[in-house]
Structures are given as C-alpha cells and as structure tokens.
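Undergrad: Quick one, structure for this:
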Amino acid sequence: MLNQSLITVVIPTYQRPKRLKRAVCSVLNQTSGNFKVCIYDNNSQDDTESVAKALMVFDSRVEYVRHAENIGPMQNHIVGIQAVSTPYFVVLCDDDYFLPDFFEDALNYLESNSDVSFYAGKTIVVEEAENKADKPIMTNPKGFEQRVYNAPEGFYALLDCHIAWHAIIFRSSLIADFAAVNPATNTLLEWDFEFLLAKKHNYYYADKESFVFVDHAEEYFSKNIKVYKRYLDLLNLIVSHLCHRDMTRAMQQRFGRWARVNFVRTLKRSRRTFSNGHEFFEQAFCDAYRII
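TA: Alright, predicted model coming up:
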C-alpha cells in the first residue's frame, strides 16, 4: 500500500505557471506521499507547459495532460475528475495551495471509518501580496463542529456555510454521483456536487486548517457585478434542488426557509454595494423569492 497512490490531485490550469508551481509544490510537500498529481492544461499559450514538464522531471508522481483546445474551465474540471482511478481524490485550483499534513490527516480518518464518504478541513483565506507573505483574512467555514455529519443533517449544515471542495478529500466511489451534476451550474459546480452528496452521504469535518484560498485583491473589487451574478446562479441552483424529486417535504420546507433568509440578505447587500443599477438584481431576487 505504501507504494500505491491513494489520492489523485486534480489540478485544472490555464496560464498561471508561477502559481501552478506553488500549488504542485504544496502537494509534493505533504507528509503523506501516497498520491499522484494530474495537471490538466486548458491549452495555455504561455510557460505553463514547460513548468509542468519540469515538475514531471523533478517528481515522477506528477502527470501532465494538455488539451488540444480550450474546453472551458468547468469541462476541464469534469475531465480530470472522471479520469480518477485511485481510491480518493481532491481538486486543487492552480492558484491555491494545501497545508502539509492535510492528506495524512484525511487518510488516517477515512481509512479507519468506511461509513464516511468524505473528509473536510478548514480553509484559510489569504490576500495575495506582491513580494511579501500572504496576509490571512479569515478562516472558513464558520459554525461547523469537529464531528461526523450524517445525511441529511450535513446537507442542512452546508446550506448555512459552504465548505470549499478544495478542502475535501473524496472517496472516488462518489464519482458516480458526480455524473448527476449539471455542467450548466458553471462556477457553482462544487456547490451542486456537495449538495448532491450531503443529501445521502455522511461526511467528517475536522476543525483544522488544511487548505489556503488565495483572494486576489486587485481583481476582487472590480468584479462586484460578477459576484452578484454568481449569487443569482446559486439561487437558481437552490431552486432546482428544492424542486427535485429526492427532496422530502421536511427537507423542502427547511431548504425554503434557508433560501428566503439568505437571498433577502443578499439583496440588501447588493443595495448597499451599488449606488444605482441594482434593479436588475432586485427583480431577479423577487422572481426567485416567489418560486421559493
């Protein structure tokens, strides 16, 4: 078992060679070495290929796939996940990174607890700084206890606070459930997948920092409209789950209460953010509110 890869690390990438190198090195520095790294390059036109090939030479556990054309970020994720052949997998963005004992902690727990389908850790959010150490901003998620969350309780918990899937080690048997994810959810692919899983599978949350999400400050404030468009997409995703046939009446009622509270709160936030032009968001939220 020591010489067999247990975890596949799927890293979709596009034109971020320096950040990609940091991401891969965070995997190679894990205290548990039972993994392989699979880089999926979305036809980058910069130094990404040479950086990836240098990493392959440095460590034989690194593999590299270059697409002949750009297939889009979500499809790149899907291709990588569907190619997994190890017992466990995790997805890592090319600009984020893991903390050193994440894999060891997750494997120790999952190998001893077959009734748990995935292991989730805590995320540190940092602000990237030029020529100096990243500045920690916050840790997520809030409100989770270190324990097993049984289905569907774990589903309700995810409604209150999202866990980044990059901080989750999944059993590869769950890839069958991944087939039910709607690719049209786009950047909310991870939310859809986690919702699907938590409705019927148990998971363990460890209150220990495992993963670092890098917030690029120079990009964030220029993307307010995209941020709120993403909220609208999330609302549509929630409505689709709310109306799905696998939802019991009790789950629908609880889900509906959560959606009403959270999206009214988001509407108020959009009013504060935009001095004008928030009417589009307001109408969309009101339409969705009536559906919920």
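Undergrad: C-alpha only now, for contacts and for neighbours.
TA: Noted.
Undergrad: Give me the neighbour count for residue 21.
TA: 18 (other CA atoms under 10 Å).
Undergrad: you'd agree it is in a helix?
TA: Yes: assigned with DSSP: H, G, I helix; E, B strand; the rest coil, residue 21 falls within a helix.
Undergrad: which element is the residue nearest to it when sequence neighbours are not counted on?
TA: Excluding the flanking residues, the one nearest residue 21 by CA to CA, 6 or more residues apart in numbering is residue 51, at 7.0 Å. Using DSSP states H and E, the element containing residue 51 is helix 48-58.
Undergrad: same for that helix, what does it pack against?
TA: helix 17-28, strand 35-41, strand 62-66 (3 or more CA pairs under 8 Å, 6 or more residues apart in numbering; DSSP states H and E).
Undergrad: quick one: contacts of stretch 6-20?
TA: For stretch 6-20, the surrounding residues in contact (CA atoms under 8 Å, 6 or more residues apart in numbering) are 34-48, 51-52, 73, 76-77, 80-81, 84-96.
Undergrad: at 7 Å what do you get?
TA: Residues outside stretch 6-20 that contact it (CA atoms under 7 Å, 6 or more residues apart in numbering): 34-42, 44-48, 51, 76-77, 80-81, 84, 86-95.
Undergrad: quick one on the thing from earlier: distance-wise, check the residue nearest to residue 21 relative to residue 14.
TA: For residue 51, the distance to residue 14 equals 12 Å [CA to CA, to the nearest Å].
Undergrad: Comparing these two, which shows the higher neighbour count?
TA: For residue 51 versus residue 14, neighbours defined as other CA under 10 Å are more numerous around residue 14 (21 against 15).
Undergrad: Show the backbone phi and psi for that one.
TA: phi -160, psi 110 (degrees, to the nearest 10).
Undergrad: Repeat that for residue 7.
TA: phi -120, psi 130.
Undergrad: repeat for residue 116
TA: According to degrees, to the nearest 10, residue 116 has phi -110, psi 130.
Undergrad: care to break the protein down by domain?
TA: 7-215, 220-291 (automatic domain parsing).
Undergrad: got TSV for these, with mean pLDDT too?
TA: Formatted as TSV, these follow (pLDDT from 0 to 100):
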stretch	mean pLDDT
domain 7-215	92
domain 220-291	56
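Undergrad: Let me know the angle separating the lengthiest strand in the chain from helix 17-28.
TA: Looking across the chain with DSSP state E, the single longest strand is strand 203-215. Strand 203-215 runs at 150 degrees relative to helix 17-28, counting by axes from the mean of the first three to the mean of the last three CA atoms, to 10 degrees.
Undergrad: how about residue 137, what does it touch?
TA: Residue 137 touches 125, 126, 127, counting by CA under 7 Å, 6+ apart.
Undergrad: do residue 29 as well
TA: Counted by CA under 7 Å, 6+ apart, residue 29 has contacts residue 100.
Undergrad: quick revisit: send the alpha carbons of the helix holding residue 51 over as CSV?
TA: Output of helix 48-58 as CSV, limited to C-alpha atoms (Å, rounded to 0.1, in the frame of the first residue of the first chain):
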residue,chain,number,x,y,z
THR,A,48,2.6,26.5,-18.3
GLU,A,49,3.7,23.5,-20.3
SER,A,50,7.4,24.0,-19.6
VAL,A,51,6.7,24.5,-15.9
ALA,A,52,4.6,21.4,-15.8
LYS,A,53,7.1,19.2,-17.6
ALA,A,54,9.9,20.4,-15.3
LEU,A,55,7.8,19.3,-12.4
MET,A,56,7.3,15.9,-14.0
VAL,A,57,11.1,15.6,-14.3
PHE,A,58,11.5,16.6,-10.7
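Undergrad: and the contacts of residue 137, which of them are in strands?
TA: 125, 126, 127.
Undergrad: which one of these sits closest to residue 153?
TA: Nearest to residue 153 among the ones in strands among the contacts of residue 137: residue 125, at 25.9 Å, using CA to CA.
Undergrad: Could you report the distance from residue 40 to residue 17?
TA: Residue 40 is 12 Å from residue 17, by CA to CA.
Undergrad: try residue 74
TA: 19 Å.
Undergrad: on that earlier part again, and the contacts of stretch 6-20, which of them are buried?
TA: Buried by 16 or more other CA atoms under 10 Å: 34-42, 44, 48, 76-77, 80-81, 84, 86, 88-95, out of these.
Undergrad: can you tell me which residues contact the residue most central in space within the chain?
TA: For the chain, residue 165 is the residue whose C-alpha lies nearest the centre (CA atoms, centre = their mean; 3.0 Å). Residue 165 makes contact with 91, 190 under the criterion CA under 7 Å, 6+ apart.
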